[in-house]
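1. next one to model:
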Amino acid sequence: MSDDYNNAMAPDDFTSLAGELLLALPGIGDPRFEQAVIAVCLHQPDGAMGVGIGRLVPGLGLHALLKQLDIAPGSAPDAPVHQGGPVETQRGFVLHSPDWRGEDTLIVSPTLSLTTTLDVLRAIAAGEGPDRWLVALGYAGWGEEQLDDEMRRHGWQTVQAGEELLFETPVKQRWSRAFAAAGVDVRLLAPTSGHA
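-> Numbering: from 1, shown residues only. This is a model prediction of the structure:
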């Protein structure tokens, strides 16, 4: 897939958020998304999807997940598994650097790819996978123009999904550090938006 896949069928006035991080603002109104950090992987006029990277699945590591899939862990570290979102929570998603590509890999941005097939997990276990990666279960999805409507109301802030935030920042610090990268001090954020 081409690097501009997310905008291939979009109207001229549409701007894709693919490759950005969605950061939940205080008071978002949905407890599932309090302090959420979501990597937007696909954003088109007919819908959007992203993978949460701000929370972990309690008590689940990569080795246990690989065992459930009958894949020997090999040289893969027993990395934590992220709560990708409330949709299809048994389905796996691997966000990774673009140095590895499988048949169904989606190139999200110059620094981020997404693969949902088992070949990426087998490659990671064999020590032949991408240099940087994280595994999540589930995703967040939006219907036609739903995310665009939410972006016009109080709820989300976007920042560029840089490699440091994606792959180096500790999970518990991603939300606050992502805001800091945008020049925002989270201690100063109000739980509601103002009206002039």
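2. in this structure, mark out all the strands, start to finish.
-> Using DSSP state E, the strands of the chain run over residues 20-24, 37-44, 47-52, 56-61, 80-83, 87-96, 106-109, 112-115, 133-142, 156-160.
3. Phe14 is nearest to which of those?
-> For those, the distance to Phe14 is smallest for strand 37-44, at 7.8 Å, taking CB to CB. C-beta: built from backbone N, CA, C; applies to glycine.
4. okay, the strands of the chain in a markdown table with mean pLDDT and distance to Asp149 next?
-> Putting those into a markdown table (pLDDT from 0 to 100; distance: least, CB to CB, whole Å) gives the following:
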| stretch | mean pLDDT | distance to Asp149 |
| --- | --- | --- |
| strand 20-24 | 95 | 14 |
| strand 37-44 | 96 | 13 |
| strand 47-52 | 97 | 11 |
| strand 56-61 | 96 | 30 |
| strand 80-83 | 98 | 24 |
| strand 87-96 | 96 | 18 |
| strand 106-109 | 96 | 22 |
| strand 112-115 | 97 | 24 |
| strand 133-142 | 97 | 9 |
| strand 156-160 | 92 | 11 |
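5. next, count neighbours for the closest residue in space to Pro73 that isn't next to it in sequence.
-> Nearest non-adjacent residue to Pro73, counting by CB to CB, 6 or more residues apart in numbering: His63, 4.6 Å away. Look at His63: counted by other CB atoms under 10 Å, it has 17 neighbours.
6. okay, and the beta partners of the spatially most central residue of the chain?
-> Nearest to the mean C-alpha position of the chain, by CA atoms, centre = their mean, lies Ala39 at 2.7 Å. Beta-bridge pairing for Ala39 (DSSP bridges): Leu21, Val51.
7. show me the contacts for it.
-> Going by CB atoms under 8 Å, 6 or more residues apart in numbering, Ala39 touches 21, 50-53, 95, 108, 112, 161, 166.
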